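[1] compute the structure for the input listed below.
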Amino acid sequence: MAPKSKVLVVGGTGYLGKRIVKASLAQGHPTFVLQRPEIGLDIDKLQMLMSFKELGARLIEGSFSDHRSLVDAVKQVDVVICAISGVHFRSHNILYQLKLIEAIKEAGNVKRFLPSEFGIDPARMGDALEPGRVTFDEKMIVREAIEAANIPFTYVSANCFAGYFVGNLSQMGTLTPPKGQVTLYGDANVKAIFLDEDDIATYTIKTIDDPRTLNKTVYLRPPENILTQRELIGIWETLIGKQLEKSTMSEEDFLASMKGMDYAAQVGVGHFYHIFYEGCLANFEIGKGEEDASKLYPEVKYTRVAEYLKRFL
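    Predicted coordinates:
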């Protein structure tokens, strides 16, 4: 059996990054985590890095303001996974990924790069609403830089993170289940795809040594978690043994609600629109140059939505 690839996680203390570090270790990969001096006095991040070290990860110092340090870090591994939080795409920090790409290109040894995507596939969002389309446009800039540099890649489309879409029954402005009343988006019969974040990390690490996923987009589509909002709410109602009061928000009212919101809110609400009114996550078939992780890795025991919701009882 070929040795497991050595993995560098950039953004390892982030929301998804910490899970990717643990999944990499759990699957037996020599795992490295970039430790940036910019951490400063953030004691939580420092302690998280130390906990990774205790689990067997190696910390590599490097900074986006020091190109040579990035090149030196990249040279020690086979695979680089960037897990910089998605919020960074709405700031100057898109430059971080472009700088990382330059370091990978110069190092010349990386067998696979996974950029920080993990949400809606940006290649399918060319007609997304403003201002939310900035997220997709900037991710496409990163993809274009990767491919122009001839860097081997895998793009992971992980759809809806459970922490933000399941526990709250996909209600905006809360992370916990509503107790009495719930808002339906349109007829609430549009399919979305929900994933536990630990499962996203597990699937992601599965792809990195798999020749079937080289230079492809991998969609995470666990079949039992492809649900409408109405089905999601129904699962919660079954668990609590009662029906929630439901109101419906039309497409027109939903779009009108964006007016007056600040920029960041408009970006997030725009993404909600594409997911729950247009069905952008599940309204297409996986085609050439794409793979379905559920079919590639049927052995993964992913968390079902009902299991996830039980934690809120």
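
[2] give me the low-pLDDT residue ranges for the stretch 51-200 of the chain?
    86-92 (pLDDT under 70).

[3] strands of that one, residue ranges please.
    Ranges of strands within the stretch 51-200 of the chain are 58-61, 79-82, 112-114, 154-157, 160-161, 181-185, 191-195, based on DSSP state E, counting those that start in this stretch.

[4] deepest in the core, which of these is it.
    The highest average neighbour count among the strands of the stretch 51-200 of the chain, using mean count of other C-beta atoms under 10 Å, belongs to strand 79-82 at a mean of 27. C-beta: built from backbone N, CA, C; applies to glycine.

[5] run the chain-centre distance for that one.
    Centroid separation for strand 79-82 versus its chain: 14 Å, with C-alpha atoms, centre = their mean, to the nearest Å.

[6] use 46 as the first number from now on
    In the new count, where the first residue is 46, that last one comes out as strand 124-127.

[7] dump that strand to CSV, restricted to CA.
    Taking Å, rounded to 0.1, in the frame of the first residue of the first chain, the C-alpha atoms of strand 124-127 are listed here in CSV:
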residue,chain,number,x,y,z
VAL,A,124,-1.2,18.0,-0.3
VAL,A,125,-2.3,21.5,0.7
ILE,A,126,-5.8,22.2,1.9
CYS,A,127,-6.8,25.8,2.4
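
[8] tell me the strands beside it, with direction?
    strand 52-55 (parallel), strand 157-159 (parallel) (DSSP bridges).

[9] tell me where the stretch 146-295 of the chain has helices.
    178-193, 207-210, 242-252, 274-285 (DSSP state H, counting those that start in this stretch).

[10] just send those helices back as TSV, with mean neighbour count and distance to Arg157 too.
    Converted to TSV, the helices of the stretch 146-295 of the chain look like this (neighbours: other C-beta atoms under 10 Å; distance: least, C-beta to C-beta, whole Å):
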stretch	mean neighbour count	distance to Arg157
helix 178-193	18	11
helix 207-210	18	26
helix 242-252	23	8
helix 274-285	17	34
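
[11] I'd say Leu61 and Ile126 touch.
    No - the criterion here is C-beta atoms under 8 Å, and Leu61 misses it with Ile126 at 9.7 Å.

[12] for Asp232, which of the helices of the stretch 146-295 of the chain is the nearest?
    Closest to Asp232 of the helices of the stretch 146-295 of the chain, according to C-beta to C-beta: helix 274-285, at 7.8 Å.

[13] how far does the closest one sit from its chain's centre?
    24 Å.

[14] which residues does it contact?
    Here helix 274-285 makes contact (C-beta atoms under 8 Å, 6 or more residues apart in numbering) with 211, 214-215, 222, 227, 229-230, 232-235, 237, 239, 272, 288-289, 291, 321, 350-351, 354-355, 358.
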